[in-house]
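Enquirer: One predicted model, sequence on top.
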2 protein chains.
Amino acid sequence: MELFQLETFLTVAREKSFSRAASRLHRTQSAVSQTISRLEEDLGEKLFDRSSRDGSLTDAGQLLVTYAEELLNVRAEARDALQELRCIKASW
Amino acid sequence: MELFQLETFLTVAREKSFSRAASRLHRTQSAVSQTISRLEEDLGEKLFDRSSRDGSLTDAGQLLVTYAEELLNVRAEARDALQELRCIKASW
DNA sequence: CATAATTACGTTCGTCGTAACCATA
DNA sequence: TATGGTTACGACGAACGTAATTATG
């Protein structure tokens, strides 16, 4: 479970579509599909229900959304904090 | 900035040594060194002060510790939650 | 049938270990 | 000079895109 995979997962979950997620991520449908497959394999859980093509999440998928959001938010905070530190040090 | 890299970083920071971190992570010194180098390159910041060999953190390194801890904790929570879901579903 | 997702294939990039190298206490 | 960290090198795995395939509405 890496942040790159979670970013992909969350984009698909939000767009409710592999193809729209791919477009938003500037990747191909194929790449997104492969990344999600690897994440599912790693977790041992399907995250999306492929039977209906409306991009609906499984139970595990729904559960993961919240954690994925938090993880990506914290990473963003970390980046901001580092940037802030750079600014402070530059003004020395 | 990926969780794999942060796990490596945090282990080095806690052990205050690349070699002890490597041992704990069941990797070689070299692998740990390379992973840290890539992370530093990605962030555009040195995280450890190599001049003194006591494994001391730079300002950026100290700042990152807190975020790295939180990120790894949240991932652990996510894994626990998924496991819990599996147990619940198994009892159906 | 048209659109969405998966699979196959070759390429690229990050991590790995081994081994050689550099540095410092 | 012994120990800790880095660099060079080749191997492996995960990501990529293209293109062919499958499946669903």
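Expert: Noted; the coordinates are in hand.
Enquirer: Now do residue A:90 against residue A:2, distance only.
Expert: Applying Cβ to Cβ, to the nearest Å, the value for residue A:90 to residue A:2 is 31 Å. Quick note: C-beta positions are derived from backbone N, CA and C, even for glycine.
Enquirer: Which one's more surrounded, the two?
Expert: Between residue A:90 and residue A:2, counting by other Cβ atoms under 10 Å in any protein chain shown, residue A:2 is the more crowded of the two (17 against 7).
Enquirer: how about that one, what does it touch?
Expert: B:2-4 (Cβ atoms under 8 Å, 6 or more residues apart in numbering or on different chains).
Enquirer: Need those residues in TSV (columns: pLDDT and secondary structure).
Expert: Shown next, in TSV, are the contacts of residue A:2 (pLDDT from 0 to 100; DSSP: H, G, I helix; E, B strand; the rest coil):
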residue	pLDDT	secondary structure
B:2	98	coil
B:3	98	helix
B:4	98	helix
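Enquirer: so which of those residues also contact DNA strand C?
Expert: Applying Cβ under 7 Å from any atom of the strand to those, one finds that B:2, B:4 fall near DNA strand C.
Enquirer: can you redo the contacts of residue A:2 as CSV with distance to residue A:53?
Expert: As requested, those are exported to CSV (distance: Cβ to Cβ, whole Å):
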residue, distance to residue A:53
B:2, 31
B:3, 31
B:4, 33
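Enquirer: Nearest to residue B:28, out of the contacts of residue A:2: which one, please.
Expert: Checking the contacts of residue A:2 against residue B:28 with Cβ to Cβ, the nearest one is residue B:4 at 15.6 Å.
Enquirer: which residue sits closest to that closest one, ignoring its sequence neighbours?
Expert: Nearest residue to residue B:4 in three dimensions, chain neighbours excluded: residue A:2, at 6.3 Å (Cβ to Cβ, 6 or more residues apart in numbering or on different chains).
Enquirer: same thing with residue A:77?
Expert: Of all residues not flanking residue A:77 in the chain, residue B:67 sits nearest, at 6.6 Å (Cβ to Cβ, 6+ apart).
Enquirer: got it, and residue A:31?
Expert: Spatial nearest neighbour of residue A:31, excluding adjacent residues (Cβ to Cβ, 6+ apart): residue A:22 at 6.9 Å.
Enquirer: Output the contacting helices and strands for whichever helix or strand residue A:73 is part of.
Expert: Assigned by DSSP states H and E, residue A:73 falls within helix A:59-90. Contacting helix A:59-90 under the criterion 3 or more Cβ pairs under 8 Å, 6 or more residues apart in numbering or on different chains; DSSP states H and E are the following elements: helix A:3-15, helix B:59-90.
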